[in-house]
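[1] Need a 3D model of the sequence below.
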Amino acid sequence: MASRLGRHAQRLSQVRALRTVKGRRAARRFVFEGETLLGEARAARCPIEELYATQAAYDAVPALRELEETGTPTFIVDPAAAASISDLTTPSGIAAIAPFRLMAVDELVRCGSPLLVLADVNDPANVGTLLRSAEAFGCPRVVFGSLGLDPYHPKVVRGSMGAVFRLALAVSDAEAIGRAASAAGVRLLGLATEGSSLIADSWEPPLGLVVGNERHGLGRWADHCDGLVAIPMTGRAESLSAGVAGSIALYEAQRAALVKGVV
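    As a prediction, the model looks like this:
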């Protein structure tokens, strides 16, 4: 049977800590919310270590009872307690805890290409969009810059629509990804307005696409790129958001690969 927790239980404090990057890194775990993401995690065989649900959610969602029956620790909380561990304006009444599933960057790069490198991207909407686009356009490996958002930020997990559970992920600094790519023979192409070539002209695997920070662009990451590519633009727009630019580049890369028969 699911255990009942009072709103001041220590376990709830531990769950709230997972909403912070410090708490996630210390515990090597993250929290996500809602029936949809729970279903995506289960489909991807992501381990669920703990479940927290209101009585109404527990009664309405069969997956909660199924997980409890197979040994997942499950706790019933009142709506106020559920709200205290949620970062949603309207809490779903379901919170799940899962472990980090990160690869070493050199191992991830050796798995092959294409790969996407997020060079300290900081906006969760952009990161979530880029994860969805990476999965949609045949890029199953993603490296996160160590100074940007981590893969398990609650808004990133939500924005990815489950892609975070299915992609191979690593966290690295610029120097480490540069060394790993060089050792594996993977070319890194940075996406930049000053890029000198089109993606289709440069897309010869094995390689990775590097998308820069929203404000500072590639910065020091450019030093570890083997070339820069650009998205041609007309009109008066000076730039695109990281999420939009990266998504266009990933689509164009997949199209170029299909045309060249290298997929």
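[2] And for stretch 81-88, what's in contact with it?
    5-7, 9, 12, 15-16, 19, 31, 33, 52-54, 77, 91-93, 95, 154-155 (Cβ atoms under 8 Å, 6 or more residues apart in numbering). The way it works is simple: take the backbone N, C-alpha and C, and place the C-beta from them, glycine included.
[3] measure it end to end?
    From its first residue to its last, stretch 81-88 covers 13 Å (Cα to Cα, to the nearest Å).
[4] now swap in stretch 162-170 and tell me
    Where stretch 162-170 starts and where it finishes are 17 Å apart, if you go by Cα to Cα.
[5] Do you have the strands of the protein handy? List them.
    In the chain, the segments counted as strands under DSSP state E are 3-4, 29-33, 50-53, 74-76, 94-99, 115-118, 141-145, 168-172, 187-191, 197-198, 207-211, 227-230.
[6] who are the neighbours of the third one, in terms of helices and strands?
    In other words, strand 50-53. Using 3 or more Cβ pairs under 8 Å, 6 or more residues apart in numbering; DSSP states H and E, the elements in contact with strand 50-53 are helix 10-17, helix 62-69, strand 74-76, strand 94-99.
[7] Walk me through which strands the third one pairs with, and which way each runs.
    Pairing partners of strand 74-76, with direction, according to DSSP bridges: strand 3-4 (parallel), strand 50-53 (parallel).
[8] Just the mean pLDDT for it, thanks.
    Regarding strand 74-76, the rounded mean pLDDT is 97.
[9] correct me, but residue 104 touches residue 168?
    No: with contact defined as Cβ atoms under 8 Å, residue 104 does not count as touching residue 168 (11.0 Å).
[10] Dump the strands of the chain into CSV; add mean neighbour count and distance to residue 161 as well.
    Listed next are those as CSV, based on neighbours: other Cβ atoms under 10 Å; distance: least, Cβ to Cβ, whole Å:
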stretch, mean neighbour count, distance to residue 161
strand 3-4, 12, 31
strand 29-33, 23, 12
strand 50-53, 24, 21
strand 74-76, 20, 25
strand 94-99, 22, 16
strand 115-118, 28, 16
strand 141-145, 25, 14
strand 168-172, 20, 15
strand 187-191, 24, 23
strand 197-198, 14, 29
strand 207-211, 26, 19
strand 227-230, 18, 27
